[in-house]
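Novice: Structure, please.
(one chain, ligands or ions: 1)
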Amino acid sequence: MNVIEAIKKKRAVRHFTEEKIPDDVVFVILDAGRRAQSSKNTQPWEFIAIQEKETLEALSHMGKYASHVKDAALAIALISEPGTDFDMGQAAAYMQLAAMEYGIGSCLVAIYEPEDAKKLLGVPDDRDFKIAIDFGYPAEQEKQPTTGKGRKVFDQVVHWEKW
Ligand SMILES: Cc1cc2nc3c(=O)[nH]c(=O)nc-3n(C[C@H](O)[C@H](O)[C@H](O)COP(=O)(O)O)c2cc1C
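Specialist: Numbering: from 1, shown residues only. From the prediction side, this is the model:
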């Protein structure tokens with residue numbers, strides 16, 4: 001998929017089919033995160049790929065809006081050095097756009113119970129776990145025209161030269 005087309009089509013997908021994501025595609029998605037840019041090239045991330053149903057179910061209780069994780073084929077926990085949220089956003093975007101190449105939808109998930117979530121995955125104390133991304137092939141209802149808010153119009157967002 002063309003990059004511009006992927007950016008335009010990118011929407012949060014929270015309903016998934018039961019189809020498994022092939023291992024080589026899981027690898028490509030993870031590798032896209034590894035290849036993201038970061039401040040001073042610090043690469044302050046490590047990723048945990050989760051495909052076991054039991055762990056996906058447990059993770060779905062770690063956020064206020066995380067229930068869809070239980071039905072995902074894959075979740076990736078973004079484990080970070082503290083104070084690197086902007087860098088992690090870069091890795092997240094790369095992974096989500098890479099997934100689109102394969103027709104795979106995804107959604108970011110804010111972790112509201114970071115201590116419990118870190119314990120669940122065995123994450124060291126000195127790392128943050130603030131965001132996970134769940135992935136899967138979009139279920140039929142995700143293919144309907146969106147009733148969401150969409151995006152602000154261009155002129156509402158963009159200024160030229162000065163505010
Ligand atoms: C930092 C961040 C955290 C988010 N956390 C959640 C979340 O916990 N659960 C969820 O279902 N969606 C979450 N989202 C997805 C947003 O709700 C979604 O991208 C936004 O509503 C726009 O939806 P659209 O891309 O489908 O238009 C998050 C997005 C971002 C950027």
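Novice: and this protein, which residues reach the ligand?
Specialist: Taking CB under 6 Å from any ligand atom as the contact definition, the chain meets the ligand at Arg11, Ala12, Arg14, Gly63, Tyr65, Ala66, Cys107, Leu108, Val109, Ala110, Gly148. Glycine gets a C-beta too; all of them are placed from N, C-alpha and C.
Novice: ok, so of these, who is nearest Gly33?
Specialist: Proximity of the residues of the chain next to the ligand to Gly33 (CB to CB) peaks at Leu108, which lies at 12.7 Å.
Novice: picking up where we left off before, could you dump the residues of the chain next to the ligand to TSV with neighbour count?
Specialist: Supplementary listing: the residues of the chain next to the ligand in TSV, determined by neighbours: other CB atoms under 10 Å:
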residue	neighbour count
Arg11	14
Ala12	13
Arg14	22
Gly63	20
Tyr65	12
Ala66	22
Cys107	22
Leu108	16
Val109	27
Ala110	13
Gly148	8
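Novice: Which ones among those residues lie within helices?
Specialist: Counted as lying in helices by DSSP state H, out of those, is not a single one.
Novice: for the residues you listed, which one is nearest Met95?
Specialist: Taking the residues of the chain next to the ligand together and measuring to Met95 by CB to CB, the closest member is Leu108, at 10.1 Å.
Novice: so what's the closest one up against?
Specialist: Neighbouring residues of Leu108 by CB atoms under 8 Å, 6 or more residues apart in numbering: Ala12, Ala92, Gln96, Ile131, Ala132, Ile133.
Novice: Dig out what it forms beta bridges with.
Specialist: Ile133 (DSSP bridges).
Novice: That one and Asp23, how far apart?
Specialist: In this view, Leu108 and Asp23 are 23 Å apart by CB to CB, to the nearest Å.
Novice: Just the terminal-to-terminal distance for stretch 138-158.
Specialist: One end of stretch 138-158 to the other measures 32 Å (CA to CA, to the nearest Å).
Novice: Residues contacting that stretch, please?
Specialist: Contact partners of stretch 138-158, identified using CB under 8 Å, 6+ apart, comprise Arg11, Val13, Arg14, His15, Phe16, Thr17, Gly103, Gly105.
Novice: how about the residues you listed in JSON lines, adding pLDDT and distance to Pro124?
Specialist: Shown next, in JSON lines, are the contacts of stretch 138-158 (pLDDT from 0 to 100; distance: CB to CB, whole Å):
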{"residue": "Arg11", "pLDDT": "95", "distance to Pro124": "34"}
{"residue": "Val13", "pLDDT": "97", "distance to Pro124": "31"}
{"residue": "Arg14", "pLDDT": "97", "distance to Pro124": "30"}
{"residue": "His15", "pLDDT": "97", "distance to Pro124": "34"}
{"residue": "Phe16", "pLDDT": "98", "distance to Pro124": "30"}
{"residue": "Thr17", "pLDDT": "98", "distance to Pro124": "35"}
{"residue": "Gly103", "pLDDT": "97", "distance to Pro124": "35"}
{"residue": "Gly105", "pLDDT": "97", "distance to Pro124": "31"}
